[in-house]
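Colleague: With the sequence up front, the predicted model follows.
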Amino acid sequence: MKLIRTAVATAVALGMAAPALAEEATVTPYGKINVTYQMTDDSSLDGSEVKSNNSRFGLKGKAKLSDSLKAIYSLEWQVDTTDKGDSSDDHIKARNQIVGLAGNFGEVIVGRHDSPLKKAQGKVDLFNDIEGDIKTLFNGEVRASNFAQYTSPKFGGVKIKLATMTPSKGAAETDENDFGSASSISVEYSNDDWFFAIAQDNDVSGIDTTTTRFTTQYKIGSFSLGAIYNEHDNGTIDEEGMLFSVAYKAGDHTLKLQTGESDELAVDKKVSSIGWDVKLGKATKVFAFYTKSDDADNNDQSWLGLGLEQKF
């Protein structure tokens, strides 16, 4: 924990020592709208719906402070594009919202952000944001508040992230819920064909919890092969899960297959998905998917959907 705090403090000190240059900050709007028409089959719902899948919008930018230092910032929100127009508090939600400094020393950010362990999934999850998302299988998919992170420069393809934060869950009004009582660390390696990451959370998902994740993805020709191993120890029970994904790209078409099993969120839970993406333009795609989920308690569910995603 002391190492994380020292790294963050050093990066901030470097930024404060740099002379400022009078240059206007840049701001860029961005986002995506992802909507599906899908049919659901489970014990509580058997019908169809139009669903917004983590559609979002945001602003990001930077400001040059010197030849070797810049300020960075972003504000992002999730929006429910299929909201019925009522007063639901879920219509707009905060996502990653940070400010920080970047330079030769690396990068330091503070605010609200995905933990290093969550980001260590890379691009292995081929059904991110829809029903087959790995958050339905694994612990560790945490967007933390009261968050500070140092990211090292990349050396030989290796990058290290050190973060400290307040636990996302746990008893209120305890010393353990103070900022800095939870930590997350990851080591990532990447080149043109291979991505590998190892990460660990300590007390991020609750007091006395440890989550460990190994991720790898390899590209060979038109194929991308990926795997994630996830282990969660809550101090009493040590649970684990595995996920495998395969994507085949042919021109503007991508065929996807993904399957995983875990005991972390339900006993013997299995989630399998198959999908087909078609790019209509640089920022536009249509897609279809089928996802099936079941566990030892006979909670069987399936979804069949057709979607459209537009980025901007």
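Modeller: That came in fine, so what should we check first?
Colleague: distance between stretch 52-62 and the chain's centre?
Modeller: Relative to the chain's own centre, stretch 52-62 is displaced by 13 Å; criterion: CA atoms, centre = their mean, to the nearest Å.
Colleague: Buried residues in it, which are they?
Modeller: 52-53, 55-58, 60, 62 (16 or more other CB atoms under 10 Å). Backbone N, C-alpha and C define where each C-beta goes, glycine included.
Colleague: of the residues you listed, closest to Asp300?
Modeller: Asn53 (21.8 Å; CB to CB).
Colleague: Could I get the pLDDT score of that closest one?
Modeller: Asn53 carries a pLDDT score of 97 in this model.
Colleague: I'd say it and Tyr37 touch.
Modeller: No. In terms of CB atoms under 8 Å, Asn53 does not count as a neighbour of Tyr37; the distance is 11.5 Å.
Colleague: Overlap in contacts, the two.
Modeller: Shared contacts of Asn53 and Tyr37, defined by CB atoms under 8 Å, 6 or more residues apart in numbering, comprise Gly307.
Colleague: how about JSON lines for the buried residues of stretch 52-62, with distance to Ser183 added?
Modeller: Formatted as JSON lines, the buried residues of stretch 52-62 follow (distance: CB to CB, whole Å):
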{"residue": "Ser52", "distance to Ser183": "33"}
{"residue": "Asn53", "distance to Ser183": "31"}
{"residue": "Ser55", "distance to Ser183": "31"}
{"residue": "Arg56", "distance to Ser183": "27"}
{"residue": "Phe57", "distance to Ser183": "31"}
{"residue": "Gly58", "distance to Ser183": "26"}
{"residue": "Lys60", "distance to Ser183": "26"}
{"residue": "Lys62", "distance to Ser183": "27"}
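Colleague: In strands, which of those residues fall?
Modeller: The members of those that map onto strands under DSSP state E are 52, 56-58, 60, 62.
Colleague: Nearest to Thr236 among these?
Modeller: Arg56 (36.2 Å).
Colleague: just for the chain, where's the confidence low?
Modeller: Across the chain, residues meeting the criterion (pLDDT under 70) sit at 1-23, 44-45, 84-89, 169-177.
Colleague: quick one: contacts of the strand ranked longest in it?
Modeller: When the chain is parsed with DSSP E, its longest strand is strand 26-41. If you take CB under 8 Å, 6+ apart as the criterion, strand 26-41 is touched by 46-63, 76, 81-82, 129-131, 301-312.
Colleague: Quick check: neighbours of it in the sheet, parallel or antiparallel?
Modeller: For strand 26-41, the paired strands and their directions (DSSP bridges) read strand 46-52 (antiparallel), strand 56-66 (antiparallel), strand 301-311 (antiparallel).
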